[in-house]
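Visitor: Have a look at this prediction, sequence included:
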Amino acid sequence: RIGTMESLLSGSLVPARFRTALLGALAGIGLLLAMVGIYGVVAFLVTRRRSEIGVRMALGASPRDVLRLVVGQGLRPVLVGIVLGGIVAFTTTRFLASWLHGVTPTDPATFAGVALALVAVAVVASLIPARRATRVQAVEAMRAD
């Protein structure tokens, strides 16, 4: 084979690039599924508490206090999951080191980016139903149950 060193090297890296692209695509799909799952669970849990939010509002809680409470309680399990998942991911990335090119297995930007995306989804998933619930009159919220 005659060719430039760059073309020979590029041709030898095709399988590694394919594995890296496949791993990246699967990681992206996994992140998307995690985001959808977090949104669904947190939004469901907040919606279930609609009557409780109505009672709190009837007893004089401000919408701001209710939103802070609901978002805080919605974030708690997500933050625990991020910490535990980060520990597991950090310890298992050494097995994937041979598949990664251009990124270190424990890339802090990747870990932080994924954690921030999941926290953002949890905040949105808590805020939307909580804001909707704070606008409902207490009597309507209690009648719905």
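Guide: Cool, got the structure.

Visitor: so how far is the top helix by length along the chain off the chain centroid?
Guide: In the chain, with assignment by DSSP state H, the single longest helix is helix 14-48. Distance of helix 14-48 from the chain centroid (C-alpha atoms, centre = their mean, to the nearest Å) equals 8 Å.

Visitor: and if you look at stretch 43-56?
Guide: Here the centre of stretch 43-56 is set off from its chain's centre by 22 Å, with C-alpha atoms, centre = their mean.

Visitor: Please point out which parts of that stretch sit buried.
Guide: Within stretch 43-56, the residues scored as buried using 16 or more other C-beta atoms under 10 Å are Ala43, Leu45, Val46, Arg49, Arg50, Ser51, Glu52, Ile53, Gly54, Arg56. For glycine as for every other residue, the C-beta is placed from the backbone atoms N, C-alpha and C.

Visitor: Ends of it, what's the gap?
Guide: Taking C-alpha to C-alpha, to the nearest Å, stretch 43-56 runs 19 Å from one end to the other.

Visitor: show me what contacts the residue sitting nearest the centre point of the chain?
Guide: In the chain, the C-alpha nearest the mean C-alpha coordinate belongs to Leu118, at 2.0 Å (C-alpha atoms, centre = their mean). Neighbour list for Leu118: Ala34, Met35, Ile38, Val78, Gly81, Ile82 [criterion: C-beta atoms under 8 Å, 6 or more residues apart in numbering].

Visitor: Was I right to think Ala133 contacts Leu45?
Guide: No: Ala133 lies out of contact with Leu45 (C-beta atoms under 8 Å); the separation is 11.8 Å.

Visitor: for the protein, what spans make up the helices?
Guide: Applying DSSP H to the chain gives helices spanning 5-12, 14-48, 50-58, 63-92, 108-135, 138-144.

Visitor: Mind checking those helices for the one nearest to Ser98?
Guide: Proximity to Ser98 (C-beta to C-beta) singles out helix 14-48 among those, at 8.9 Å.

Visitor: Buried residues, the closest one. List them.
Guide: For helix 14-48, burial by neighbour count (16+ other C-beta under 10 Å) applies to Thr20, Ala34, Met35, Ile38, Tyr39, Val42, Ala43, Leu45, Val46.
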